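K.L.:
here is my input, please return the structure:
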Amino acid sequence: MPLPPTFSNHHQAALAGHEPAVKAALDELEKSQAAMRIWKKDPSLWTPDAAGEKVIANSLGWLTVARTMKERLAELAAFAEEIRADGFKHVVVLGMGGSSLCPEVLRRTFGQRAGWPQLHVVDSTVPATVLRVERELDLAHSIFIVASKSGTTTEPVMFHRYFYDRVRSVAGAAKAGRQFIAITDPGTQLAKDAERDGFRRVFLNMPDIGGRYSALSYFGMVPFALAGGDVAGFLDRALEAAAACGPDLTGAENLGLRLGATLGALALQGRDKLTIIAEPPIDSVGLWIEQLVAESTGKVGRGIVPIAGEPLGAPAEYGSDRIFVYLGTGAPQGTTAEVIEALVSAGHPVLAHLLRDPLDLGAEFFLWEFATAVAGAVLGVNPFDQPNVQESKDNTRRLLADYVRDHKLAALQPIAADHGVVISSDAQNAAALAGAAGLTSVICVHLARVRPGDYVALTEYIDESPEHDALLAEIRIAIRRRTGAATTTGYGPRFLHSTGQLHKGGADNGIFIQITAADSEDAPLPGEPYGFSVLKGAQALGDFESLAQRGRRAIRLDLGRDISAGLRRLLAGTEHPAQARAV
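P.N.:
Have a look, this model is predicted:
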């Protein structure tokens, strides 16, 4: 299978002396016929375990889904025209993780096309976020896509209930279902609920595709089509990438093998912080890569830590645990080019993916899926399971049941309070931080726990806004300068279906700062004795419990009602000169 002549030239690497390790990994992959075995869907490449093989055998449909979806272009185009002709102004994806991150990246990358509905994504249980999106909509002219592979994921179930109730109040019970679409696997509870509620359409996705590998399936392509996207062009680029990762291409000729071998080999050498530098208009692609790589590799005490959205710094600010990848539509320019050149000169490995235009995201989606599968083989992990994600879900269900019984959520152990910010943790971490008084002192002690090779994760259950984004970016810079550690950030509960697997199943090299806040307004959940505020609170607490059960170094900051003021206090605390003991 020949390489597309224009595609391979857009992927470059400066490996800074790591060529022998990458070549050794490629040689081993070639010896084991990895490319051929991936395309033959041979699960033994990743595990000799019978149970694991069964999971993998039902997880490789993404290899050929672009071809399948090409065959369904007429179906998608006709449905998109139907939705536009019926006067819908908004398309709203109600999903989480793999069912929502591809549409979110496409929404941010391509924007609204003139004459087509505007695309929105709801993947947060923070009441302010749900209400903000609702207020942006004309409910009578909005169509909702309830997206869930399993059909039972908590967030899409609750989003379905909430927005169906809101539409019913406008359109009436008899017509409400005509404003809803489902994307799910065959035979799920969502498929049954969609029939009960009279949904306009149910798209049954290919069941042999896991959520985080589903970008090129109905989960990604239906929202893109309804928003007027060039689905045909997008899939054509994906097929180019599939050809560049073909079963007959071995070693460095195979782009997916090469990228996967590079990521895996460098991670085994301690360069496990995959730092993504993405330029507009594709700057949000890091959200999708982050989920794919973290959830696929972060298990059995190892993994690759994706660093998305971290502001660029000078080479001296980065440790020897980094590998950088630049993604942009063309070569880097200006300050970005200067920083990348300095990183290469300083001996950091740097990859560059130079896209021809935003449609090349279709190619990148396939390439990263293939490479992540390869990296899993190099690391010796099963990239198609997520053993620790269910744990946080189970914690949330138990905490919600406790709330229904006791009318309150459990609380963590208080450590300190400072101008409205309350700091708390589990008993083990509270003991380690004993004696710290006030936010700055606690942050000093907590960050003094950073060891070489660690990363600091900010996990925030607050509304995602430009102001909050900017403050979190400043906090990440301050932490990196203070500790030398890589930093990640994730809005909850989205990150639970992304880096959350890595946090629990990966190595014990994370320092966690969970951020919560009081909700000034709630959104009630039909059929439940609580609203989104309690659901969000249970998810945050359930996540913290999972970290605590593994002895992770974690604290919680409750910012109160003034979130921006609380974030500024956290920034001041991270910028304060370190005077605390190491723990």
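
K.L.:
who's in contact with the helix or strand hosting A241?
P.N.:
Per DSSP states H and E, A241 falls inside helix 231-244. Residues outside helix 231-244 that contact it (Cβ atoms under 8 Å, 6 or more residues apart in numbering): 1-4, 7-8, 63, 66-67, 69-70, 73, 76-77, 216, 221, 224-225, 254-256, 359-367, 370. (Glycine included, C-beta is placed from N, CA and C.)

K.L.:
kindly list the main-chain dihedrals of D197?
P.N.:
Dihedral pair for D197: phi -90, psi 0, per degrees, to the nearest 10.

K.L.:
where in the chain is pLDDT low?
P.N.:
Scanning the chain for pLDDT under 70 picks out 1-8, 578-583.

K.L.:
residues contacting the residue most central in space within it?
P.N.:
The centre of the chain sits closest to Q291, judged by Cα atoms, centre = their mean, with a distance of 3.3 Å. Listed by Cβ under 8 Å, 6+ apart, the contact set of Q291 reads 97-98, 101, 212, 497-499.

K.L.:
farthest-apart pair in those residues, please.
P.N.:
Distance extremes for the contacts of Q291: the farthest pair is G98 and T499 at 13.4 Å, using Cβ to Cβ.

K.L.:
quick check: the gap between the nearest residue to the residue nearest to the centre of the chain once chain neighbours are set aside and E290.
P.N.:
Leaving aside its chain neighbours, Q291 sits nearest to S498 (3.7 Å; criterion: Cβ to Cβ, 6 or more residues apart in numbering). Using Cβ to Cβ, to the nearest Å, S498 is found at 6 Å from E290.

K.L.:
comparing those two, which residue is more hemmed in?
P.N.:
Neighbours per residue, other Cβ atoms under 10 Å: of S498 and E290, the larger number sits with S498, 30 against 24.

K.L.:
hmm, E295 and that one touching each other?
P.N.:
Yes. In this structure, S498 is within contact of E295 by Cβ atoms under 8 Å, at 6.0 Å.

K.L.:
joint contacts of those two?
P.N.:
Common neighbours of S498 and E295 (Cβ under 8 Å, 6+ apart) are G97.

K.L.:
quick one on the thing from earlier: next, the angle from the helix or strand just after the helix holding A241 to helix 231-244.
P.N.:
Sequence order places helix 255-268 as the next helix or strand after helix 231-244, per DSSP H and E. For helix 255-268 against helix 231-244, the angle by axes from the mean of the first three to the mean of the last three Cα atoms, to 10 degrees is 70 degrees.

K.L.:
name the helices or strands packed onto the very next helix or strand once past helix 255-268?
P.N.:
Moving toward the C-terminus from helix 255-268, the next helix or strand (DSSP H and E) is strand 273-278. Packing partners of strand 273-278 (3 or more Cβ pairs under 8 Å, 6 or more residues apart in numbering; DSSP states H and E): helix 285-297, strand 305-308, strand 322-328.

K.L.:
which residues touch strand 273-278?
P.N.:
Outside strand 273-278, the residues that touch it by Cβ under 8 Å, 6+ apart are 263, 284-286, 289-290, 293, 304-310, 312, 318-319, 321-328, 332, 336, 340, 455, 486.

K.L.:
can you state the direction angle for it and helix 255-268?
P.N.:
Counting by the same axes, to 10 degrees, strand 273-278 lies at 130 degrees to helix 255-268.
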